[in-house]
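Q: my questions concern the predicted model and sequence given below.
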Amino acid sequence: MNELIKLVICGHVDHGKSTLIGRLLLDTKSLTNEKVQELENVASLNKKEPDLAFLTDQFEEERRENKTIDTTEIYFKTKKRRYCLIDTPGHIEFIKNMMTGATHADAGILVIDVAEGIKEQTMRHLVFLRSVGIKKIIVCVNKMDLVDFDCRRFRDVEKSILEFLVRLGITPLYILPLSAKKGVNILKNAKALAWFGGPSLIKALDVLVPEIRKGHRPLRLPIQDVYRKDGETIFVGQVESGGVKTGQKIVALPSGEETQVTSIKIFERKKRTAFAGENIGLTFKDAKTIVRGTIICQKENPPCACDHFTASVFWLAPEPLSNNKKMILRSVTQEVGCQCECIETRIDASAFKVLEPNAQYLKENELGKVSFRTERLVVLEPFDSIAPMGRFILECRGAVCGVGIIG
Ligand code: GDP
């Protein structure tokens, strides 16, 4: 039960995202008795069916009051494991955490109202998910009760969403018909949807594979902190890819310094090995250049450090991105000043259509192929080979203004 899957959920306003979140909490019995009672009280007061969106609105209110990140992350559990739902886009802290390696989202849930079909915002959200590297997507075609659970209406929406996803290079894991309000096809398959051969939403979620896996991947360990204890220098970080073992020869990038791991500790206990997803402390035989932001890699076939690169950028700030604009780039624990050198293409995120090549600017919610120059060498790799090393955020005056992936 320790496994936690992180899901980002999005969809056009009023398509039923809050109701679906409430429904997932209720049907998986993840609510406290007080919350269930509160829901029933509000419903009987208004002489209506319980409004599940009320639960999500309440979480949002609590978040605003507490101003903490934790309360915006809504947790529910199934028999198999725990889930964390994050409302996005708009949750800038989450985006920042995800792009700098603090959080990994395993998949995205997109909610579409069957009666309304795809809207501009739906497409923008999908492009956004794609830009932050989330390719595992479950599409929920909601409000099926409004069309009498009609197969044809579902297939029409399914066809149009598939056309758009193909253009984005995304194959959805599932496209599911359901009704969040009535609780149809959430926990288990329903008679009303007997024509649908696929799983219920919970079944579809329970077969998801978490993003981080052990396996034979090359070592990437970004150093987060360095401190001295009992005369020893300890380097702390999260293994982002592959594994590391005591005695292993490594190369520290971007300096290129070569050394050897002398010890590994996890929670004060000595270990011989550590794998992706684990936070560790380690010591090296020699470490003249290793600081916060250094990437520890295996000696064989290390990646290249570079000071210019091209990436797909999703621009989030009201002030446009323009040539020569200076920003701060953060990728895992790396932080470096950078400058926009050229906007090679400007793409309309809601239609995924190239607007112009060699553009002068990129506006809010637009996507572009952009080349950058950094003030120092950084380690960036194709997103499709090592995801955490292939994504970054851009900051202007301390605020996130864009997100990008390599490739
Ligand atoms: P959000 O803006 O995407 O969070 O949408 P809400 O969850 O607030 O839902 C918008 C409206 O759609 C509310 O009036 C809901 O009661 C209604 N709604 C949500 N899901 C369903 C559904 O499955 N069937 C029907 N008939 N209405 C729904």
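A: Cool, the structure landed.

Q: pLDDT below threshold where in the stretch 1-150 of the chain?
A: For the stretch 1-150 of the chain, the stretches with pLDDT under 70 are 1-2, 42-48, 50, 55-72, 88-95, 97-103.

Q: which residues of it lie near the ligand?
A: Contacts of the stretch 1-150 of the chain with the ligand, taken as CB under 6 Å from any ligand atom, map to 11, 13-19, 53, 142-143, 145-146. C-beta coordinates here come from the backbone N, C-alpha and C atoms, glycine included.

Q: secondary structure and neighbour count for those residues - can I get that in a markdown table?
A: Formatted as a markdown table, these follow (DSSP: H, G, I helix; E, B strand; the rest coil; neighbours: other CB atoms under 10 Å):
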| residue | secondary structure | neighbour count |
| --- | --- | --- |
| 11 | strand | 23 |
| 13 | coil | 8 |
| 14 | coil | 14 |
| 15 | coil | 26 |
| 16 | coil | 24 |
| 17 | helix | 23 |
| 18 | helix | 24 |
| 19 | helix | 22 |
| 53 | helix | 19 |
| 142 | strand | 29 |
| 143 | coil | 23 |
| 145 | helix | 16 |
| 146 | helix | 16 |
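
Q: which pair in the residues you listed spans the largest distance?
A: Spatial extent of these (CB to CB) is set by the pair 13 and 145 at 19.6 Å.

Q: returning to what we had before: for the residues of the stretch 1-150 of the chain next to the ligand, give me CSV that also has distance to residue 321.
A: Converted to CSV, those look like this (distance: CB to CB, whole Å):
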residue, distance to residue 321
11, 26
13, 26
14, 31
15, 29
16, 33
17, 29
18, 32
19, 36
53, 35
142, 34
143, 37
145, 43
146, 40
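
Q: can you tell me which of those residues is nearest residue 179?
A: For those, the nearest to residue 179 is residue 145 (4.3 Å; CB to CB).

Q: now residue 370: closest residue in space that isn't a chain neighbour?
A: Leaving aside its sequence neighbours, residue 370 sits nearest to residue 313 (CB to CB, 6 or more residues apart in numbering; 4.6 Å).

Q: just checking: what are the partner strands of the one helix or strand the one you found maps to?
A: Per DSSP states H and E, residue 313 falls inside strand 305-315. Here strand 305-315 is paired, per DSSP bridges, with strand 366-379 (antiparallel), strand 399-405 (antiparallel).

Q: what is the next helix or strand after that strand packed up against?
A: Toward the C-terminus, strand 305-315 is succeeded by strand 321-322 as the next helix or strand (DSSP H and E). Secondary-structure packing of strand 321-322 (3 or more CB pairs under 8 Å, 6 or more residues apart in numbering; DSSP states H and E): strand 334-348, strand 361-362.

Q: nearest to residue 379, of those strands?
A: For the helices and strands packed on strand 321-322, distance to residue 379 was read as CB to CB. The smallest value, 6.9 Å, belongs to strand 334-348.

Q: who touches the closest one?
A: Residues from elsewhere that reach strand 334-348 (CB atoms under 8 Å, 6 or more residues apart in numbering): 222, 293, 295, 308, 310, 321-329, 353-362, 366-376, 378-379, 394.

Q: list only buried entries from these.
A: Among the contacts of strand 334-348, those buried by neighbour count (16 or more other CB atoms under 10 Å) are 222, 293, 295, 321, 325, 327-329, 359, 361-362, 366-370, 372, 374, 378-379, 394.

Q: for the stretch 51-200 of the chain, what spans make up the helices?
A: Listed in chain order, the helices of the stretch 51-200 of the chain (DSSP state H, counting those that start in this stretch) span 53-66, 92-99, 120-131, 151-168.

Q: picking that back up, mean pLDDT for the strands paired with strand 305-315: which is lowest?
A: In terms of mean pLDDT, the lowest-scoring of the strands paired with strand 305-315 is strand 399-405 (a mean of 90).

Q: sorry, back to before: export the strands paired with strand 305-315 as TSV, with columns for distance to residue 41.
A: Formatted as TSV, the strands paired with strand 305-315 follow (distance: least, CB to CB, whole Å):
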stretch	distance to residue 41
strand 366-379	45
strand 399-405	39
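
Q: domain-wise, how is the protein divided?
A: 4-206, 220-298, 306-406 (automatic domain parsing).

Q: pull up the distance across the shortest one, start to finish.
A: With CA to CA, to the nearest Å as the measure, the first residue of domain 220-298 is 8 Å from its last.

Q: one more: the last one?
A: Between the opening and closing residues of domain 306-406 lies a distance of 13 Å (CA to CA).

Q: in the stretch 151-300 of the chain, what residue lies closest to the ligand?
A: Nearest to the ligand in the stretch 151-300 of the chain, going by CB to the nearest ligand atom, is residue 181, at a distance of 3.3 Å.

Q: isn't that residue up against residue 113?
A: No: using CB atoms under 8 Å, residue 181 is not in contact with residue 113; the gap is 11.2 Å.

Q: overlap in contacts, those two.
A: 16, 143.

Q: sorry, back to before: got the contact list for the nearest residue to the residue of the stretch 151-300 of the chain closest to the ligand once chain neighbours are set aside?
A: Spatial nearest neighbour of residue 181, excluding adjacent residues (CB to CB, 6+ apart): residue 19 at 5.6 Å. When contacts are counted by CB under 8 Å, 6+ apart, residue 19 is found next to 51, 52, 53, 56, 142, 180, 181.

Q: what sits against residue 14?
A: By CB under 8 Å, 6+ apart, the residues touching residue 14 are residue 113.
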